[in-house]
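Asker: predicted model and sequence below, questions to follow.
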Amino acid sequence: MYKDNLIVEGTSHTYHISEQNALNPQAVGMGNGLFEIINNLHPDAYELPPEKWFKDDTAQELADLMWLETDIDLARFQSTKLTDYFADGMNRLDTGIELREKYGDFRVPSVLGSVNPLADDALEEMERQVEQEDVDGFKLYPAFFEDGQTLDMRLDNPNVGVPIIQKAVELDVPHIAVHKSVPYGQTNFEEYDVGDVEDAASMFPEVTFEVVHAGLSFLEETKFLLQRYPNVWANLEITTFLVAESPMNFAEVLAELLVWGGPEQIIWSTGPTAIHPQPIIEAFWEFQFPETMRENGVPPLTDEIKRMILGENALRMMGKDPDAVRSKLEGIDDEVARIRAEQEERPEPWSSIRPTGASGPMQQPKAGQKAAGDN
């Protein structure tokens, strides 16, 4: 635990960003663009070397990054189905299952599955993932890229999103995380607003909706979602990135969410393996709102609120008692606890991610060239 605080990583992934996995030039641009953004926001000591980004991550690399290089205690895993850009979807479910199998459902209390809602077998695939992989919810995207056009996959679409939510309820995994705020590739930005979450939350009050990347855009709409819908949660993946390198922007986002929505529905998240969580964890614990904001009515960011955001809220969202989890963590004797007890010092940043031969940004595919999996 970091300074006696439970740290629950709300969104961990294993990424597969490579020329071999890219299906089109847009995927190449996306992978290269994400690399530039990541390094622009990381502190200098935590810049990500290219040979550790343009590769296929393993479950063990993710585990070592989180549990050897950072103070993360528990980690949720979210897979993705970006098969409009990447042959394997970019964040594979199988690595999340492998992570949970090795470290147990205490350290990995949630694995979200993923489907393409436009696929003919989407509902059958949801059944398979629940029955065979034991996922406890699903991660969705609001748009799909095809032949230069954006196809609508919003939650309130009666032919696409609504059947997916209904199926999740039927399968007794009523948890939907949806990517928002950050457009992927060349899909229309308007699809990434949160209006469809509002309608879905109203139609399905029994479902927990998790707005991922909350506050990076559509902040006004998001804060009012939290105020009015107790079944909507703000996942701060990438948003937390701002606290280390752009603290004023982070202050503006967090203040709005706290003032209008309150602290109870905000989930800590960073996004390893793309992001190194440790400098963000440390910066957040030391962070305070500027005096000018406090003079204008922004409540103080107390240690209690920070504890809620860093881990307690995510546990409550999953139906777990934070005090019981903390007690178990203090006495646990698993592989993570043993390795940490033996560590004399934390490894160098990114040393857990093994280079696999890639050396720099991806190249655009040549005319007529097909990427792996492109038929």
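Answerer: That came through fine.
Asker: C-alpha from now on. contacts and neighbour counts both.
Answerer: Noted.
Asker: list the buried residues in the helix or strand hosting Glu282.
Answerer: Here Glu282 sits within helix 277-286, counting by DSSP states H and E. Using 16 or more other CA atoms under 10 Å as the test for burial, helix 277-286 gives Pro277, Gln278, Pro279, Ile280, Ile281, Glu282, Ala283, Phe284, Trp285.
Asker: surely the fourth one meets Phe241?
Answerer: Pointing back at Ile280 there. Yes. Counting by CA atoms under 8 Å, Phe241 is a contact partner of Ile280 at 6.4 Å.
Asker: picking that back up, and the next helix or strand after the helix holding Glu282, what does it pack onto?
Answerer: As assigned by DSSP H and E, the chain's next helix or strand after helix 277-286 is helix 291-295. For helix 291-295, there is no helix or strand it packs on, judged by 3 or more CA pairs under 8 Å, 6 or more residues apart in numbering; DSSP states H and E.
Asker: check the offset of helix 291-295 from the chain's centre.
Answerer: 31 Å (CA atoms, centre = their mean, to the nearest Å).
Asker: following that helix, which helix or strand comes up?
Answerer: The C-terminal neighbour of helix 291-295 among helices and strands, as given by DSSP H and E, is helix 303-307.
Asker: contact partners of that following helix?
Answerer: Contacts with helix 303-307, where a contact means CA atoms under 8 Å, 6 or more residues apart in numbering, come from Asn5, Leu6, Pro263, Trp285.
Asker: would you mark the buried spots in it?
Answerer: Neighbour count says helix 303-307 has Ile305, Lys306, Arg307 buried, by 16+ other CA under 10 Å.
Asker: now do stretch 94-104
Answerer: Buried-residue list, stretch 94-104, by 16+ other CA under 10 Å: Thr95, Gly96, Ile97, Leu99, Arg100, Tyr103.
Asker: ok, the third one - contacts?
Answerer: Neighbour list for Ile97: Val111, Glu133 [criterion: CA under 8 Å, 6+ apart].
Asker: how is it assigned, secondary-structure-wise?
Answerer: For Ile97, the assignment made with DSSP: H, G, I helix; E, B strand; the rest coil gives helix.
Asker: please report the distance of it from Ala59.
Answerer: Distance, Ile97 to Ala59, by CA to CA, to the nearest Å: 9 Å.
Asker: just the buried subset of the contacts of helix 303-307, please.
Answerer: The buried subset of the contacts of helix 303-307 - by 16+ other CA under 10 Å - is Asn5, Leu6, Pro263, Trp285.
Asker: ok, now how distant is the second one from Val325?
Answerer: Same thing as Leu6. Taken as CA to CA, the span from Leu6 to Val325 is 9 Å.
Asker: the last one now?
Answerer: Shown here: Trp285 relative to Val325, a distance of 21 Å by CA to CA.
Asker: just to revisit the earlier point, can you redo the buried ones among the contacts of helix 303-307 as TSV with distance to Thr150?
Answerer: Converted to TSV, the buried ones among the contacts of helix 303-307 look like this (distance: CA to CA, whole Å):
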residue	distance to Thr150
Asn5	42
Leu6	40
Pro263	35
Trp285	40
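Asker: got CSV for the residues you listed, with distance to Glu190, pLDDT and secondary structure too?
Answerer: Formatted as CSV, the buried ones among the contacts of helix 303-307 follow (distance: CA to CA, whole Å; pLDDT from 0 to 100; DSSP: H, G, I helix; E, B strand; the rest coil):
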residue, distance to Glu190, pLDDT, secondary structure
Asn5, 38, 93, strand
Leu6, 36, 96, coil
Pro263, 27, 96, coil
Trp285, 34, 97, helix
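Asker: go through those and name the one nearest Leu34.
Answerer: Nearest to Leu34 among those, counting by CA to CA, is Trp285 at 26.1 Å.
Asker: pLDDT value on the nearest residue to that closest one once chain neighbours are set aside, please?
Answerer: Leaving out its chain neighbours, the residue that sits closest to Trp285 by CA to CA, 6 or more residues apart in numbering is Lys306, at 7.0 Å. pLDDT for Lys306: 98.
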